[in-house]
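> dropping a prediction and its sequence here:
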Amino acid sequence: MCFLVIAGTERCPQKGVVKQVASKLLRALSEKGLALLVNHGIPECKMKAAYRALDTFCELPDETRAKYERVSPDNHGYVKPDAEKFSDEMELRHAFNVTGCEGNLPEEVQGFRPALDELARDFKQLSTMLLAALSVGLEQSYDFLLSKHAHILGPGNESTLRLLYYPPLGTPVQGLTRCGAHCDYGTFTLLAQDCEGGLEIQTLHGERWGRVGHLPGAILVNTGELLAHWTNGQLPALRHRVVMPEHCGRGRHSIAFFVHPDDDVAIEPLDIKITAAGGDCQETTTPCRLQKKKRGVLSAYQHLQRRFRETYAS
Ligand SMILES: O=C(O)CCC(=O)C(=O)O
Ligand SMILES: [Fe+2]
């Protein structure tokens, strides 16, 4: 696995630093579909505060949790176990999606809003830096991708901060999993996880699954379908899943930040040739499996809603 070290770029990254990050990021995403970020400036204590807030929410009575359920087509809100499915198995996880600072959040859980607001701001900041780095790595202007992601966490953009809790199981049960195999839908995803493990990724050019170990404090960045489509598969989307632990184990927590372009951005392949930073970028890449719109080009919003219709029960 490639490690991408981002040092001291939390606030106002200098162009030289962005350039260094750009070449490592492009190399990691083209060869592996993911990179690990360390020294990213989001302290572990903020992640833990969010994990605790979700734990408290999950302990509330069903009828209280139901008040905060996600209602399509909006993506904000609570998603109860098995309501979103990537596989034929039962998927045992609680998720809380946050799409902006104005959304309805559980008043019953003290500290939920401040913990989430702060984390969302931090993830947005980190994403902004990575969008600039990606633009530079793709040999475009510094704000090439930033201009397509101008409204993250605001109206007109579906980027989402998602808290996840996978409850423990007494004994292994057939037909039950934590999260079925899928690619994320947007530009890229940032993912923080606790030390429980279970995250697996599929190699870009084969069918093998490999475990992603836990590096304390690190954040994973993986390519989503739209970035794969824009780059004509030169940065392929990463398939991943979360499996049940062999020894039943404890509950698992993670936080995903899905970075999406603004709703009206067209998702047609860009005229980009990646001359890979490391020089050994794969020539043949997995074709991107985006359905074509019958007439015209799909917008980022239309693509996302198609995926939601495929995976959400309602
Ligand atoms: O919990 C995880 O580590 C992964 C979650 C995930 O892949 C998702 O929600 O899209
Ligand atoms: Fe995912």
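Happy to help now that I have it. Ligands and ions are numbered 1, 2, ... in the order given.
> nearest to ligand 1: which residue in the stretch 151-300 of the chain?
S254 (3.5 Å; C-beta to the nearest ligand atom). C-betas here are computed from N, CA, C, even on glycine.
> now that residue: closest residue in space, sequence neighbours ignored.
Nearest residue to S254 in three dimensions, chain neighbours excluded: Q193, at 4.2 Å (C-beta to C-beta, 6 or more residues apart in numbering).
> the stretch 51-200 of the chain: strands as residue ranges?
In the stretch 51-200 of the chain, the strands defined using DSSP state E, counting those that start in this stretch lie at 77-79, 90-91, 94-98, 160-166, 176-177, 179-182, 188-193, 199-202.
> quick check: buried residues in the helix or strand where the residue of the stretch 151-300 of the chain closest to ligand 1 lies?
Element membership of S254 [criterion: DSSP states H and E] is strand 252-259. Along strand 252-259, these residues count as buried under the neighbour rule (16 or more other C-beta atoms under 10 Å): R252, H253, S254, I255, A256, F257, F258, V259.
> so which of those is the closest to T275?
Ranked by distance to T275 (C-beta to C-beta), those are led by V259 at 24.0 Å.
> partners of that closest one in the sheet?
Beta-bridge pairing for V259 (DSSP bridges): F188.
> close enough to count as contact, it and L153?
No: assessed by C-beta atoms under 8 Å, V259 is found out of contact with L153, at 10.2 Å.
> between the two, what contacts are shared?
S159 (C-beta atoms under 8 Å, 6 or more residues apart in numbering).
> okay if I get the strands of the stretch 51-200 of the chain as CSV plus distance to ligand 1, mean neighbour count and mean pLDDT?
Shown next, in CSV, are the strands of the stretch 51-200 of the chain (distance: least, C-beta to the nearest ligand atom, whole Å; neighbours: other C-beta atoms under 10 Å; pLDDT from 0 to 100):
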stretch, distance to ligand 1, mean neighbour count, mean pLDDT
strand 77-79, 9, 21, 97
strand 90-91, 10, 18, 93
strand 94-98, 7, 23, 97
strand 160-166, 5, 23, 98
strand 176-177, 12, 18, 92
strand 179-182, 5, 19, 96
strand 188-193, 5, 24, 97
strand 199-202, 5, 19, 94
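> which one of the ones you listed lies nearest to V38?
strand 188-193 (11.7 Å).
> I'd like to know which elements the closest one is packed against.
On a contact count with 3 or more C-beta pairs under 8 Å, 6 or more residues apart in numbering; DSSP states H and E, strand 188-193 meets helix 112-137, strand 219-223, strand 252-259.
> for the longest one, give the mean pLDDT please.
For helix 112-137, the mean pLDDT works out to 94.
> same check, this time on the shortest one
On average, the pLDDT along strand 219-223 is 96.
> the helix or strand just after it packs against which elements?
Remark: after strand 219-223, the chain's next helix or strand is helix 225-230, criterion DSSP H and E. Helix 225-230 makes packing contacts with helix 300-311 when contacts are defined by 3+ C-beta pairs under 8 Å, 6+ apart.
> so the helix it packs on, near ligand 1 or not?
No: under the criterion of C-beta under 6 Å from any ligand atom, ligand 1 is not reached by helix 300-311; the shortest gap measures 9.7 Å.
> how about that helix: buried residues?
For helix 300-311, by 16+ other C-beta under 10 Å, it's A300, Y301, H303, L304, Q305, R307, F308, T311.
> CA atoms only: put stretch 244-258 into PDB for me.
Presented in PDB, the C-alpha positions along stretch 244-258 are these (Å, rounded to 0.1, in the frame of the first residue of the first chain):
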ATOM      1  CA  MET A 244     -17.500  -9.600   9.900                       C
ATOM      2  CA  PRO A 245     -14.600 -10.300  12.300                       C
ATOM      3  CA  GLU A 246     -13.600 -13.900  12.700                       C
ATOM      4  CA  HIS A 247     -14.000 -13.700  16.400                       C
ATOM      5  CA  CYS A 248     -17.200 -11.800  16.700                       C
ATOM      6  CA  GLY A 249     -15.200  -9.000  18.300                       C
ATOM      7  CA  ARG A 250     -16.400  -5.600  19.400                       C
ATOM      8  CA  GLY A 251     -18.400  -3.000  17.600                       C
ATOM      9  CA  ARG A 252     -16.700  -1.000  14.900                       C
ATOM     10  CA  HIS A 253     -16.700   2.700  14.200                       C
ATOM     11  CA  SER A 254     -15.700   4.600  11.100                       C
ATOM     12  CA  ILE A 255     -16.300   8.000   9.600                       C
ATOM     13  CA  ALA A 256     -16.500   8.600   5.800                       C
ATOM     14  CA  PHE A 257     -16.500  11.900   4.000                       C
ATOM     15  CA  PHE A 258     -17.800  11.500   0.500                       C
END
